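**Q** I'd like to go over a predicted model; first the sequence, then the structure.
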Amino acid sequence: MTQATSQPGLVLDDVTITLHSAPLLTIERTIPPGDIVTVMGPSGVGKSTLLDYICGTLAPVFDARGTVSVAGRRIDHLPPQQRDIGILFQDDLLFPHLSVGANLAFAIKPSIKPRAKRRAMVEEALDAAGLAGFMDRDPATLSGGQRARVSVMRVLLSDPKALLLDEPFSKLDAALRQQFRAFVFELTKARHLPVLMVTHDADDAASAGGAVIELQPSSTGAQPG
Amino acid sequence: MVPNTVIQATPGSALRLIPVITLALMLGPVFAGLVGTILPAFGYLPALGGGQFGLAIFQELLAVPGLGRSVWLSLFTGVTATIVSFLLVVLFCAAWYGTTWFRWLERLLSPLLSAPHVAVAIGFAFLIAPSGWVMRVFSPGLTGYTQPPDITIIHDPYGVSLMLGLILKEVPFLLLMTIAALGQVDARRTQRVALSLGYGRMMAWLTGVLPQIYPQIRLPILAVLAFSLSVVDVALVLAPTTPPPLAVQLLRWMNDADLSLRFLASAGAVLQLGLVVLAILLWLVGERIIAAIATLIVTSGWRFQGDASARVMVLITVVIMVSAVFLGVLGMAIWSFAGFWRFPMALPDQLVLRNWMRLGADLWSIIGLTALVASLASAFAVVLSVLCLENEAQQLWRHRRGGRLPQPKPWRPPIMWLLYLPLLVPQVAFLFGVQVLLILLALDGQFMSLVWAHLVFVLPYVFLSLGDAYRRFDDRYIRTSLCLGRGPVITWLVIKLPMLLRPILIAMAVGFAVSIGLFLPTILIGGGRFDTLTTEAVALSAGGDRRQIGVFTQLQLILPLLAFSVAMALPALLFRHRRGVQV
């Protein structure tokens, strides 16, 4: 339990999640910075539950055991907002009542000051996403692909130490999907982020290029190579 | 092992107290009031010299001349109005659900619902009175009348006009509740399946859809039943007067200068409560019987394919009803601006502002008080409802399972019956007891007592109005915000509440409209010290000054309308560049 805290990357040490004392999944894995690990498995196997546990939003109806560390810091006892774990869902979930710029600024830590610097960071992020000048736009007026890119820039601006992807490409059409996937992976690799991706799509796993974990239904030790 | 006390390390523990506080605020007066009503009924009210338990007062009550007639009138009008309202709603949905006509009525629902009962009743009374609009249109041409005929139409001895007046208001309410229930079942496809089996449109809906939604509209129906059986304000406008329905008789005794009549009023209130309980039991038994008969019909395979004329008849009835409401209201609007308006003329000779001007400052203070009570009651109700719903959301989350794991049955706190309780217990039965208790505590006639009394009736509607939108909120927005590093309180204030601004304001407007329409709580708990638009309108309706009545009924309609306009305009303005918010 203790040696994990000195390792970089995202470390899941003997994580076991049970529901009503029935084991749901067990996972033991270290994801080094810049690596993308893919979790696959049939519906209902608890992939999203695992992500919930890592980012601290697991419902109390579950029992979870094992430690989670990121960048050498143990986080599984912290509330979600202190964990430095970013997550992307299959919907972009841009806050509809905030402008594109405000969505991005919302993610920048309050300790970063002054305003001008925050604004510069937002502009830089928009530039990187090919959305220069979109600062004051209504998110509802953006295309699906543009919104998806904003949501990635938003999570990156929160300066996470690891990124979780919950089927983030599944709602995009085929052409967009490939392009967007490349965009995300390029960014996470450039920033040396450990990434844990849940997906149903073998293409996602292939283009991630990392290890693939197959979760089995109610198995007691899902730890393949 | 790390305890999963993560998200709920929010203000969750304090939140858990809110439902308890809310229920206490809402149901405390109901139960305390019932005690305060029942004890004097059995002779116990030391303050007025009653210290002897016994049935003497009930014997006295039963000896009151005309009591039997009053009881019969209440039962007959209340039950009939409920049955007819229910049938109309069900038949209309069966005949026209999913059509343009249905959507047309759906759009008219909001104005129909926000109009207070009394305003609709007064407008209806003007429409059908001997000197009313209908008579004017046909006179003297068809009828030959040049003077209003001396016949009884409103206040008719059988309570027909009372029943019609009630039905005009109950149909929109039941229709709203039915539409809400329809949203929760797959009504379209169920109907389509039955249609494809060769069933007529109406039978398809009645056999396929109605049984699915009935459990969800049962409580609203019972609330309508309880209301119709014990209504006071509409009855004062439309019901027979000698003897009046029981609830009106009770109010007379309660307001009588002879304090000994209060005992009689208490006993009568217990009788009124008994009537409502009896009617509810009868309804529940009737449900079973009808369900059994319906099963026979359904399994007989009767398809009622030739339902075209039945459908048209239902439509005509509903169109006439809706027109009656709007025409009645329009008639009173014209009265409020009417100069000289002789009998057979359909329109006044000239329109003037005089009727509005001559009330001057008095009018403003009545408007101010009405709006103040309504604003406070609805604001409290919204705050309590939001906190209750947030607590519910957090409790629900505790039971939530991830992604596509098999979900447990959607967990709902068993609060529906509790919410509806203030609407099921007849107002007159518990408000009188509350009044007695307030007098004992020297809190009668206090402004805050009045606001509290309004809150009791406003809360259920506000909660029901807000519930759906609040529960439908996508909690991935919350998780996204938390994982972006923002705490739960900021997330709630900056993300969740603004995104729910529109439904929150609409719920507040609903509460505002309910408060504007409240008559009995204002009279009884306000101790006659507070004049609102509704109490004034009812008081004036006894006299014949239609111009004055017109002014007050117009204001009764305008205030809720303003509240709804603000509730829609404010978010539209704030989020005018945010198309995604309205979803």
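**A** Received, thanks. Numbering: from 1, shown residues only, chains lettered A, B, ... in the order given.
**Q** shaky segments in the chain?
**A** This is for chain A. For chain A, the stretches with pLDDT under 70 are A:1-6, A:218-225.
**Q** To clarify, I was referring to chain B.
**A** For chain B (pLDDT under 70), the answer is B:1-12, B:47-51, B:400-414, B:582-583.
**Q** Show me where it has its strands.
**A** Secondary structure of chain B (DSSP state E): strands located at B:44-45, B:50-51.
**Q** try chain A
**A** Under the criterion DSSP E, chain A carries strands at the ranges A:10-19, A:22-31, A:36-40, A:62-70, A:73-74, A:85-88, A:162-166, A:195-198, A:212-214.
**Q** Figure out which of those is closest to chain B.
**A** Minimum separation from chain B across these (CB to the nearest CB) falls at strand A:85-88, 4.8 Å. For glycine as for every other residue, the C-beta is placed from the backbone atoms N, C-alpha and C.
**Q** contact partners of the closest one?
**A** A:51, A:54-56, A:70, A:75, A:151-152, A:155-156, A:158, A:160-166, A:168, A:184, B:479-480, B:483-484 (CB atoms under 8 Å, 6 or more residues apart in numbering or on different chains).
**Q** cool, stretch B:34-53 as well?
**A** Stretch B:34-53 has contacts (CB under 8 Å, 6+ apart) with B:54-58, B:259-260, B:262-263, B:266-267, B:269-270, B:273, B:425, B:429-430, B:432-437, B:439-440.
**Q** same thing but 6 Å
**A** Defining contact as CB atoms under 6 Å, 6 or more residues apart in numbering or on different chains, one finds that stretch B:34-53 is touched by B:54, B:57, B:259, B:263, B:266-267, B:269-270, B:429-430, B:432-433, B:436-437.
**Q** Show me how far it is from its chain's centre.
**A** The chain centre lies 31 Å from the centre of stretch B:34-53; the measure is CA atoms, centre = their mean, to the nearest Å.
**Q** What residues sit buried inside that stretch?
**A** The neighbour-count check on stretch B:34-53 (16 or more other CB atoms under 10 Å in any protein chain shown) flags B:L34, B:G36, B:T37, B:I38, B:L39, B:P40, B:A41, B:F42, B:G43, B:L45, B:G50 as buried.
**Q** Skipping adjacent residues, who's closest to the second one in space?
**A** This means B:G36. Excluding its sequence neighbours, the residue lying closest to B:G36 (CB to CB, 6 or more residues apart in numbering or on different chains) is B:G433, at 2.8 Å.
**Q** How about the residues of chain A by chain B?
**A** Counting by CB under 6 Å from any CB of the partner chain, chain A comes close to chain B at A:43-44, A:48-49, A:52, A:55-61, A:65, A:76-77, A:79-81, A:85-87, A:89, A:93, A:95-97, A:107, A:138-140, A:158.
**Q** Buried among those? Make that a ChimeraX selection.
**A** Here is the ChimeraX command that picks out the buried ones among the residues of chain A next to chain B, judged by 16+ other CB under 10 Å:
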select /A:44,48,49,52,55,56,57,58,59,60,76,79,80,81,85,86,87,89,93,95,96,97,107,138,139,140,158
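**Q** Tell me the bridge partners for A:A162.
**A** Beta-bridge partners recorded for A:A162 (DSSP bridges): A:I85.
**Q** isn't it right up against A:P194?
**A** Yes: between A:A162 and A:P194 there is a contact under CB atoms under 6 Å: 4.6 Å.
**Q** which neighbours do those two share?
**A** By CB under 6 Å, 6+ apart, the residues touching both A:A162 and A:P194 are A:L10.
**Q** Relative to A:A132, how far out is A:L104?
**A** According to CB to CB, to the nearest Å, A:L104 and A:A132 sit 13 Å apart.
**Q** Tell me which residue lies nearest the centroid of chain A.
**A** Nearest residue to the geometric centre of chain A (CA atoms, centre = their mean): A:L164, 2.0 Å.
**Q** so who does it touch?
**A** Taking CB under 6 Å, 6+ apart as the criterion, A:L164 is in contact with A:L51, A:I87, A:L196.
**Q** Once you drop chain neighbours, what's closest to B:I495?
**A** Using CB to CB, 6+ apart, the nearest residue to B:I495 is B:S481, at 5.1 Å.
**Q** That neighbour: how many residues sit nearby?
**A** Counted by other CB atoms under 10 Å in any protein chain shown, the residues lying close to B:S481 total 25.
**Q** For ChimeraX, write the selection for the buried entries among the contacts of stretch B:34-53.
**A** Remark: buried members of these, expressed as a ChimeraX selection using 16+ other CB under 10 Å:
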select /B:57,263,266,267,269,270,429,430,432,433,436,437
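**Q** And the contacts of stretch B:34-53, which is closest to B:L573?
**A** Taking CB to CB as the measure, B:L573 lies nearest B:F430 of these, at 41.5 Å.
**Q** separation between the closest residue to that closest one other than its chain neighbours and chain A?
**A** Distances taken as CB to CB, 6+ apart place B:G33 nearest to B:F430, at 3.3 Å, with adjacent residues excluded. When distance is defined by CB to the nearest CB, to the nearest Å, B:G33 is 40 Å away from chain A.
**Q** Next, the contact list for B:G33, please.
**A** Residues in contact with B:G33 (CB under 6 Å, 6+ apart) are B:F430, B:G433, B:V434.
**Q** what's the distance between it and B:S266?
**A** Applying CB to CB, the value for B:G33 to B:S266 is 11 Å.
**Q** What's opposite A:V70 in the beta bridge?
**A** A:L10, A:R73.
**Q** Distance across stretch B:133-148, terminal residue to terminal residue?
**A** Distance between the two ends of stretch B:133-148: 11 Å, counting by CA to CA, to the nearest Å.
**Q** so what's residue 182 closest to, chain neighbours aside?
**A** The chain I'm using is chain A. A:S207 (7.4 Å).
**Q** try chain B instead
**A** Excluding its sequence neighbours, the residue lying closest to B:L182 (CB to CB, 6+ apart) is B:I213, at 6.1 Å.
**Q** Ok, B:L443 next?
**A** What sits nearest to B:L443 in space, not counting adjacent residues and going by CB to CB, 6+ apart, is B:S449, at 5.3 Å.
**Q** Just give the number of residues close to that neighbour.
**A** Using other CB under 10 Å, B:S449 has 20 neighbouring residues.
**Q** Can you mark which positions in the longest helix along chain A are buried?
**A** Ranked by residue count and defined by DSSP state H, the top helix of chain A is helix A:174-190. Under the neighbour-count criterion of 16+ other CB under 10 Å, helix A:174-190 has A:R177, A:F180, A:R181, A:F183, A:V184, A:F185, A:L187, A:T188 buried.
**Q** what's the answer for stretch B:487-505, then?
**A** Buried residues in stretch B:487-505 (16+ other CB under 10 Å): B:487-488, B:491-492, B:494-496, B:498-505.
**Q** repeat for stretch B:332-348
**A** B:M332, B:A333, B:I334, B:W335, B:S336, B:F337, B:A338, B:W341, B:P344, B:P348.
**Q** what does that stretch rub up against?
**A** B:123, B:131, B:136-137, B:139-140, B:146, B:148, B:349-352, B:355, B:546-547, B:550-551, B:553-554.
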